[in-house]
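[1] Have a look at this prediction, sequence included:
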Amino acid sequence: MVEVREFTRQEVALRDGKNGNPTWVIIRDMVYDVTPYLNEHPGGSELIADFAGKDATKDFDDFGHSGTAMSQLKLYKVGELNMSTDPYTDAEQCEWEHYNTP
Ligand code: HEM
């Protein structure tokens with residue numbers, strides 16, 4: 001069985017694109033290293049760089065990215081968010097679930 005790598009939000013936050021760090025983003029509980037994609041992004045590198053080390057789910061969805069964008073994203077997956085250590089408080093978690101529930 002392939003082992004899924006899990007990361008906490010704090011671990012992802014260390015990959016903030018600064019000081020030579022890679023640029024990781026969280027989208028729907030998945031963790032992506034989009035460093036090689038920054039300069040290929042049709043919306044420009046800045047829009048993604050703003051979310052380096054952070055959760056970009058809402059903004060990614062708000063733009064209404066195509067299926068192509070979603071499949072591009074898959075190429076950069078490095079793991080999943082470790083939900084059991086998620087530091088979100090209950091209230092934040094509710095808000096999170098609110099915009100992630102179809
Ligand atoms: C992190 C992974 C991301 C990937 C793989 C990605 C991929 C893409 C792709 C493939 C397109 C071309 C249109 C389409 O197929 O939908 C696109 C366009 C665009 N994206 Fe992203 N995107 C990402 C993140 C973001 C974020 C976080 C934002 C906003 C905060 C953003 C804003 C935009 C905008 C504004 C365009 C339109 C550019 C234009 O047509 O002038 N993207 N993106």
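    Perfect, thanks for sending it.

[2] And the residue of the protein that's closest to the ligand?
    Relative to the ligand, the nearest point of the chain is residue 43 (2.7 Å; Cβ to the nearest ligand atom). Bear in mind the C-beta positions are built from the backbone N, C-alpha and C, glycine included.

[3] isn't that residue right next to residue 64, touching?
    No: Residue 43 lies out of contact with residue 64 (Cβ atoms under 8 Å); the separation is 11.7 Å.

[4] Do you know the pLDDT at the residue nearest to residue 43 when sequence neighbours are not counted?
    Nearest residue to residue 43, sequence neighbours excluded (Cβ to Cβ, 6 or more residues apart in numbering): residue 63, at 7.3 Å. For residue 63, the model assigns a pLDDT of 96.

[5] where are the low-confidence patches of the protein?
    Counting by pLDDT under 70, the low-confidence segments of the chain come to 1-2, 86-102.

[6] Identify the bridge partners of the residue most central in space within it.
    Central residue of the chain (Cα atoms, centre = their mean): residue 26, 1.6 Å from the mean position. For residue 26, the beta-bridge partners are residue 31, residue 55 (DSSP bridges).

[7] interface residues of the protein facing the ligand?
    Within the chain, the positions near the ligand by Cβ under 6 Å from any ligand atom are 25, 34, 37, 41-43, 47-48, 51, 56, 59-60, 63, 65-66, 68-69, 72-73.

[8] can you tell me which residues contact residue 27?
    Counting by Cβ atoms under 8 Å, 6 or more residues apart in numbering, residue 27 touches 55, 56, 57, 60, 73.

[9] what helix or strand does the fourth one sit in?
    Put plainly, it is residue 60. helix 57-63 (DSSP states H and E).

[10] circling back to that earlier point, wait, isn't the residue nearest to residue 43 in contact with residue 41?
    No: using Cβ under 8 Å, residue 63 is not in contact with residue 41; the gap is 11.1 Å.

[11] Between these two, tell me which one has more neighbours.
    residue 41 (15 against 11; other Cβ atoms under 10 Å).
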